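*Asks:* Any chance you can model this:
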Amino acid sequence: MDVLEFLSYGFIRRALIAGSLISVICAVLGVILVLRRLSLIGDGLSHVTFGSVALAMVLNVYPLAVSIPVVVVSSLGILKMTERAGIYGDAAIGVVSSVGIACGILLASIAGGFNVDLFSYLFGNILSISTAEVITAVVVSCAVLAEVFLHFEEMFSITFDEEFARASGIPVDRLNIVIMVLTAVTVVLAMKVVGIMLTSALLVLPAVTSFQNARGFRSAMLTAVIASLVSLVSGVALSFSLDLPAGASIVVINVVFFGFAFMVRRIAEGRAR
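*Replies:* The predicted structure follows:
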């Protein structure tokens with residue numbers, strides 16, 4: 001099958017457009033989150049997403065309409081617990097994650113068990129992305145990239161030294177809220193790309209891949225974006241060609257890139273000795 005035939009399918013075009021945009025913002029936010037030692041937030045919020053999807057099925061409404069506000073509120077809850085309750089970030093994520101998965105299991109039971117629709121969100125189905133979800137991905141991606149571009153220096157400062165940033169007059173609290181809200185919405189969108197179970201991988205793997213050889217914050221973001229995009233496109237193509245799960249294919253290719261970047265770094269270190 002040639003490229004033109006591959007792109008002639010509408011569902012493939014929607015998957016590539018929405019998936020590429022989501023993979024870009026996951027890579028950008030992932031670099032910030034991993035450096036701030038909040039890499040587990042993707043996993044925690046994905047558990048909340050599971051609970052919100054189960055709630056949407058109980059209420060018989062469109063899942064994104066429920067998931068986005070619920071996950072955004074949960075992300076802000078994590079932020080407030082770390083600021084006011086004296087709880088470390090990983091512990092706060094654990095609390096919210098536990099509540100999310102417990103509520104999800106209870107609601108799934110009320111809804112009649114784990115049906116086909118719920119399983120599609122658990123494991124992802126990028127090839128079923130709708131036009132409305134493509135539009136949502138475009139809007140969210142523009143918001144994330146605009147925020148990072150307009151406040152790049154401030155983001156850099158609070159990522160590496162939040163106390164210094166606060167002393168310098170940077171609106172740390174506002175930027176923290178913005179980062180958490182954008183991360184929450186991104187996690188919700190990513191569930192259609194790789195599924196709720198693998199969402200955190202889309203945030204973490206491109207970032208840790210870029211850290212193997214990147215020389216700075218900006219180059220780390222660029223490398224993460226490239227690795228994430230190539231993994232997305234390759235994963236969709238592999239999935240369509242070999243009839244494999246798209247989400248798992250994307251994640252496995254991301255792991256391969258990480259392994260390759262790690263080997264390149266070790267070879268470079270060996271030559272430098």
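*Asks:* Neighbours of the nearest residue to residue 172 once chain neighbours are set aside, how many?
*Replies:* Spatially, and ignoring its direct neighbours in sequence, residue 172 is nearest to residue 166 (4.7 Å; CB to CB, 6 or more residues apart in numbering). No exception for glycine: its C-beta is placed from N, CA and C like everyone else's. As a burial measure, the neighbour count of residue 166 was computed by other CB atoms under 10 Å and equals 14.
*Asks:* Just the CA trace of the host helix or strand of residue 107, in PDB.
*Replies:* With elements taken from DSSP states H and E, the one containing residue 107 is helix 89-110. Extracted C-alpha coordinates of helix 89-110, given in PDB (Å, rounded to 0.1, in the frame of the first residue of the first chain):
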ATOM      1  CA  GLY A  89       3.200  15.600  44.900                       C
ATOM      2  CA  ASP A  90       3.500  11.800  44.500                       C
ATOM      3  CA  ALA A  91       1.300  11.200  47.600                       C
ATOM      4  CA  ALA A  92      -1.300  13.700  46.400                       C
ATOM      5  CA  ILE A  93      -1.400  12.000  43.000                       C
ATOM      6  CA  GLY A  94      -1.800   8.600  44.700                       C
ATOM      7  CA  VAL A  95      -4.800   9.900  46.700                       C
ATOM      8  CA  VAL A  96      -6.600  11.300  43.700                       C
ATOM      9  CA  SER A  97      -5.600   8.200  41.600                       C
ATOM     10  CA  SER A  98      -7.100   5.800  44.200                       C
ATOM     11  CA  VAL A  99     -10.300   7.800  44.400                       C
ATOM     12  CA  GLY A 100     -10.600   7.900  40.600                       C
ATOM     13  CA  ILE A 101     -10.100   4.200  40.100                       C
ATOM     14  CA  ALA A 102     -12.400   3.200  43.000                       C
ATOM     15  CA  CYS A 103     -15.200   5.400  41.700                       C
ATOM     16  CA  GLY A 104     -14.600   4.100  38.200                       C
ATOM     17  CA  ILE A 105     -15.000   0.500  39.300                       C
ATOM     18  CA  LEU A 106     -18.200   1.200  41.300                       C
ATOM     19  CA  LEU A 107     -19.700   3.200  38.500                       C
ATOM     20  CA  ALA A 108     -18.800   0.600  35.900                       C
ATOM     21  CA  SER A 109     -20.600  -2.000  38.100                       C
ATOM     22  CA  ILE A 110     -23.700   0.300  38.300                       C
END
